[in-house]
Each structure stands twice: as C-alpha cells, then as structure tokens.
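In: dropping the sequence and predicted coords here.
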Amino acid sequence: MEEAIVKTIMMGTTVAVGGIGPAIAIGILTGKALEAMGRNPEAAGEIRTSMILGVAFAEAIAIYSLVVALIIKFV
C-alpha cells in the first residue's frame, strides 16, 4: 500500500518539475518572438518558424518527463 503512495507522489513530482521548465521556456520564447515581430514586421515569417521549432523542442522535454512518470508507475 505504501509503495503505491510513494509511486504516485514520485509521478506527480516528476510531471510537475518536468513541466515547469518547459512552461517557463515557452512563455519566454513566445514573448521574445512577439517582441521581435513588433520591432521588425518584415521578419515575422522567419521569427515565427524559429519560434515554433523552439516551442516544439521545449514541449518535447515535458513529454519526456511524462514518459518517465509512466515508467515509474508501471515498473
């Protein structure tokens, strides 16, 4: 019984900590990209492409933490 509680706490902590970093990174990245687009509207296409690529890489880190949490649950 106690092992299930410990695994649940570990899963929650893994997802929470693994989600905080990417969330902050995505917020900063999006804010800076919008600021850059406001300063130079002609470069909006290139900035948007780079922003989406960066958001995808940051989101991948959050997905890795979810995978680790699932491994903790089932192993």
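Out: Ah, there it is.
In: C-alpha from now on. contacts and neighbour counts both.
Out: Noted.
In: who are the packing partners of the longest helix along the chain?
Out: In the chain, assigned by DSSP state H, the helix with the most residues is helix 2-39. Contacts defined by 3 or more Cα pairs under 8 Å, 6 or more residues apart in numbering; DSSP states H and E place helix 2-39 against helix 44-74.
In: give me the nearest residue to the most centrally placed residue in the chain, chain neighbours excluded.
Out: In the chain, the centroid-proximal residue (Cα atoms, centre = their mean) is Pro22; its distance is 2.8 Å. Residue nearest to Pro22 in three dimensions, not counting chain neighbours: Ala58, with 5.1 Å by Cα to Cα, 6 or more residues apart in numbering.
In: same check on Met37?
Out: For Met37, ignoring the flanking residues on the chain, the nearest one in space by Cα to Cα, 6+ apart is Ala44 at 5.1 Å.
In: pretty sure the one you found is touching Glu35, no?
Out: No: taking contacts as Cα atoms under 8 Å, Ala44 lies outside contact range of Glu35: 10.3 Å.
In: tell me how far the residue nearest to Arg48 when sequence neighbours are not counted lies from Thr13.
Out: For Arg48, the nearest residue in space outside its immediate sequence neighbours is Ala33; the separation is 7.1 Å by Cα to Cα, 6+ apart. Separation of Ala33 from Thr13 (Cα to Cα, to the nearest Å): 30 Å.
In: counting neighbours around each, name which of those two comes out higher.
Out: Ala33 (18 against 14; other Cα atoms under 10 Å).
In: how much space is there between the more buried one and Glu46?
Out: 10 Å.
In: also Leu53?
Out: Distance from Leu53 to Glu46, by Cα to Cα: 11 Å.
In: go on, Lys73?
Out: For Lys73, the distance to Glu46 - Cα to Cα - is 41 Å.
In: look at these two and report which has more neighbours.
Out: The residue with more neighbours, out of Lys73 and Glu46, is Lys73; 14 against 10, by other Cα under 10 Å.
In: show me what contacts the more buried one?
Out: Lys7, Thr8, Met11 (Cα atoms under 8 Å, 6 or more residues apart in numbering).
In: could you rerun that using 10 Å?
Out: Ala4, Val6, Lys7, Thr8, Met10, Met11, Val67 (Cα atoms under 10 Å, 6 or more residues apart in numbering).
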